[in-house]
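Enquirer: I would like to see how this sequence folds:
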Amino acid sequence: MSDIMNIISKSLIVLLALGASVLPVMSPAGHAQQAQRGGQGTHLPLIVIRFKDPNIEYQKSLHAVILSALKAKPNVFFDVLTVIPQAPYESMRKKLEQAGAVRTQEIVTLMMEMGVKPQQMQIRSSFSAFVEAPEVQIFVR
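Expert: Numbering: from 1, shown residues only. This next block holds a predicted model:
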């Protein structure tokens, strides 16, 4: 486990764009290694895209990690998880859920344009009290 923590601590990259963040959790080499292991890794996401700001520029980071994973293992499987903040009111929850769904569709479309086949993806969503805005986490298996 210490090797995994060393990889994470050495390669954690945080890109801030107008208050929003994109977090590639590992370097591209780390992404390739995790993809080659076929999901027998840390269960850490390849990338976390947080939508605190609607104008976040995440496309280059997404492109880098997805292509790195595909290069390492062309038949890699991606889990795309949309995490929605819990909200005190039903109307607010629905609005956040809809915003998350729109962003997830944008990301899935970009991934398909990069060569990821629909059968290489599973799309899920969940609610969390630990996020402030919708975010998309992408994992590999």
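Enquirer: could you use CA atoms for every contact and neighbour count after this?
Expert: Noted.
Enquirer: which secondary element of this structure has the worst mean pLDDT?
Expert: Every helix and strand of the chain was ranked by mean pLDDT, DSSP states H and E. The lowest is strand 15-17, at a mean of 28.
Enquirer: tell me the mean pLDDT for stretch 52-66?
Expert: What stretch 52-66 shows for mean pLDDT is 91.
Enquirer: please apply the same query to stretch 126-141.
Expert: On average, stretch 126-141 scores 93.
Enquirer: distance between it and the chain's centre?
Expert: Averaging C-alpha positions (Cα atoms, centre = their mean, to the nearest Å) puts stretch 126-141 8 Å from its chain's average.
Enquirer: what is the end-to-end distance of that stretch?
Expert: 19 Å (Cα to Cα, to the nearest Å).
Enquirer: report the buried residues of it.
Expert: Residues 133-141 are the ones in stretch 126-141 that count as buried (16 or more other Cα atoms under 10 Å).
Enquirer: understood, closing this out.
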